[in-house]
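Asks: the following block contains a protein sequence and its predicted model.
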Amino acid sequence: MKPASVRRIPSNIHCILPTQQKNNNMPFSLEKVIRPNILALTPYRCARDDYNAGILLDANENAYGPSLVKDLEGDLNRYPDPYHVRVKERLVKFRQLQSTNNLFLGVGSDEVIDLLIRICCVPGKDKILITPPTYGMYSVCAQINDVQVVKSNLNVENGVFQLRTDDIAACVKANPDIKIIFLCSPGNPTGTCLKHDSIREVLESGYEGIVVVDEAYVDFVAGENGSVGTWVDKYPNLVVMQTLSKSFGLAGIRLGIAIANPDLIQILNNTKAPYNIGTPSAQIAYDALSPEGLAKMEEYKSRLLAQRNVLLEKLQNFPVAGVGKILGTNDSNFIMVQILNGQSEPCNVRADKVYKLLAETRDVVVRFRGKEYGCTGCLRITVGTEQENETLLAKLEEVLKESA
C-alpha cells in the first residue's frame, strides 16, 4: 500500500465562528441567518484532519485491506479525504473560481439542499421560498426539517417561466422568517434559464437571507445565460449549486457542488458528515475533470444537444394529432411538451394515459409533469441517444393513436 503524502488541513477550515466577508453594498450577515447552535458547533474532528500518512492507527480501520475479490483504485480500507482538495482544484480551474475555499462537495445536490435548510432554518419557525414549477426536493427537505414553504409562482404565461421579482419581494416582506430563496436555473421541469437581471434583482433587493441558484443543467445552456458561479465574490449570500450528474453523466457517483463565499462553505464543512464523499466517487470525479474527461464531456454534450434539436423538430411537426406546444426555452437535456385532447387543449387525463401506456406497453419511460403549476398536460422527455429517440417517437405515435 502506498502511503499518502502528508497534508495539513488549513486551520481556518475548523473555525467555529466565521469571519464575515466585508461588502459595504450588502446587508448580509451570516450571524443573522445561521442558527445559533450551528454557529456554536464544534465540528467532528479526527487525527486524519491533521495527518494522513504513515502508519495509520487512529481510525479503527482494517489494516489488512478491503474484502474485495477485485481490487479497485484507492485505499478503500481507509476513510476518505474529508475535503477532497484535489477534486476542488480541478473544479476551480474548470469553473474559473477564486479558490478551493469557495467549494463544498456533497452527496448529490440533495445533501447541499438539506444542509442549507438545517443550518439556516429553525424547525417549526423559519421558512424557505420556492418558485413553482420547480425541483421538488426543496419542499421535501423543508418538510423533513419541519420548515414552512412559501411559494412565489413563476410567470408561466406562454411558457416563459421567469421570476416575478415584485412578488418575491412581497413574499419576503410578508414573511420575515424566510431564510432561504431557492431559484432553479435552468429550471426543472421548465428547462428554462432565469434571466440574469432578475437573479441580480433578488440579490440586490436588500434580502438578508441566503439565495440559492440551482444550476444542475447549466452546461447545456447556450449564449449569455450561463453560470452565475463567479458572482459569489460579489454577493456573500449567494450559493450556486451544480452537479456532475447531468452534463458529466455521473449520476451514479452522487456528487453535488456548492459554490459560495468561504465563510458559508466553512459552516457547511463544519456541519456535514465527516467523510461524506467516498474515495471511489472522488476518484471518478477527479478523472472526469481532467483534460481528457472534460473533452469527453464536451463530446457527449454536443451529441445530446444535436439530438435535442432533432427531438424539437420532430415533435413540432408530429405526424399525428395530440402533440401541443413545447414549453420553455429548452436550456437543458430534456424537453417539456404538451399532450392535447380532442379539443386541442392541454389535457392531464390524456397526458397521464400516454405516460402510462409508454411505460407499461412500450418500455419507454418519460415523466408526467401535468400536476406542476403552469404545466397542464405536460410530459418531460429526457434527450436520449439517436436510437432511443427514434424509438420514443415511434412509440409515442402509436400510443397517441391508441389514446385518441
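Replies: It's in.
Asks: hey, let's count contacts and neighbours off CA atoms from now on
Replies: OK.
Asks: please parse the protein into its domains.
Replies: Domain assignment for the chain by automatic domain parsing gives 20-33+79-289, 294-402.
Asks: out of those, nearest to G54?
Replies: Closest to G54 of these, according to C-alpha to C-alpha: domain 20-33+79-289, at 14.3 Å.
Asks: which parts of the stretch 251-400 of the chain are helices?
Replies: Assigned by DSSP state H, counting those that start in this stretch, the helices in the stretch 251-400 of the chain fall at 262-271, 279-288, 291-316, 348-362, 386-402.
Asks: for V160, find the nearest of those.
Replies: Evaluated over the helices of the stretch 251-400 of the chain, closeness to V160 peaks at helix 291-316, with 17.0 Å, by C-alpha to C-alpha.
Asks: hmm, back to that, in TSV: the domains of the chain, plus mean pLDDT.
Replies: Shown next, in TSV, are those (pLDDT from 0 to 100):
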stretch	mean pLDDT
domain 20-33+79-289	94
domain 294-402	96
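Asks: could you dump those domains to a markdown table with mean neighbour count and distance to T42?
Replies: Output for these, formatted as a markdown table (neighbours: other C-alpha atoms under 10 Å; distance: least, C-alpha to C-alpha, whole Å):
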| stretch | mean neighbour count | distance to T42 |
| --- | --- | --- |
| domain 20-33+79-289 | 19 | 8 |
| domain 294-402 | 18 | 38 |
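Asks: for N52, find the nearest of those.
Replies: domain 20-33+79-289 (8.6 Å).
Asks: distance to D71 for the domains of the chain - can I get that in a markdown table?
Replies: Compiled in a markdown table, those are given as follows (distance: least, C-alpha to C-alpha, whole Å):
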| stretch | distance to D71 |
| --- | --- |
| domain 20-33+79-289 | 12 |
| domain 294-402 | 26 |
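Asks: so which of the ones you listed is nearest A47?
Replies: Proximity to A47, assessed across the domains of the chain by C-alpha to C-alpha, is greatest for domain 20-33+79-289 (11.5 Å).
Asks: roughly how far is the closest one from the heart of the chain?
Replies: 7 Å (C-alpha atoms, centre = their mean, to the nearest Å).
Asks: what does stretch 54-71 give?
Replies: Using C-alpha atoms, centre = their mean, the mean C-alpha position of stretch 54-71 is found 34 Å from that of the whole chain.
Asks: can I get the CA coordinates of it in PDB?
Replies: Extracted in PDB, the C-alpha atoms of stretch 54-71 (Å, rounded to 0.1, in the frame of the first residue of the first chain):
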ATOM      1  CA  GLY A  54       2.500   6.900   7.800                       C
ATOM      2  CA  ILE A  55       1.300   4.000   9.900                       C
ATOM      3  CA  LEU A  56      -2.300   5.000  10.400                       C
ATOM      4  CA  LEU A  57      -3.600   3.600  13.700                       C
ATOM      5  CA  ASP A  58      -6.000   6.300  14.600                       C
ATOM      6  CA  ALA A  59      -9.400   5.500  13.000                       C
ATOM      7  CA  ASN A  60     -10.000   1.800  13.800                       C
ATOM      8  CA  GLU A  61      -9.800   0.800  10.100                       C
ATOM      9  CA  ASN A  62      -9.000  -2.700   8.900                       C
ATOM     10  CA  ALA A  63      -5.200  -2.700   8.300                       C
ATOM     11  CA  TYR A  64      -5.300  -5.700   6.000                       C
ATOM     12  CA  GLY A  65      -7.400  -4.000   3.400                       C
ATOM     13  CA  PRO A  66     -10.800  -4.400   1.800                       C
ATOM     14  CA  SER A  67     -12.500  -7.800   1.400                       C
ATOM     15  CA  LEU A  68     -12.900  -7.500  -2.400                       C
ATOM     16  CA  VAL A  69     -12.300 -10.100  -5.000                       C
ATOM     17  CA  LYS A  70     -11.200  -7.500  -7.500                       C
ATOM     18  CA  ASP A  71      -9.000  -4.600  -6.400                       C
END
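Asks: G384 and R164: what is the separation?
Replies: Distance, G384 to R164, using C-alpha to C-alpha, to the nearest Å: 33 Å.
Asks: do the same with K301
Replies: For K301, the distance to R164 - C-alpha to C-alpha - is 31 Å.
Asks: again, but for V211
Replies: When distance is defined by C-alpha to C-alpha, V211 is 15 Å away from R164.
Asks: one step back: would you turn the helices of the stretch 251-400 of the chain into CSV with distance to L91?
Replies: Below are these laid out as CSV (distance: least, C-alpha to C-alpha, whole Å):
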stretch, distance to L91
helix 262-271, 15
helix 279-288, 9
helix 291-316, 11
helix 348-362, 38
helix 386-402, 30
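Asks: out of the ones you listed, nearest to V112?
Replies: When those are compared by C-alpha to C-alpha, helix 262-271 sits nearest V112, at 8.3 Å.
Asks: same for that closest one, what does it pack against?
Replies: If contacts are counted by 3 or more C-alpha pairs under 8 Å, 6 or more residues apart in numbering; DSSP states H and E, helix 262-271 sits against helix 36-39, strand 103-106, helix 108-120.
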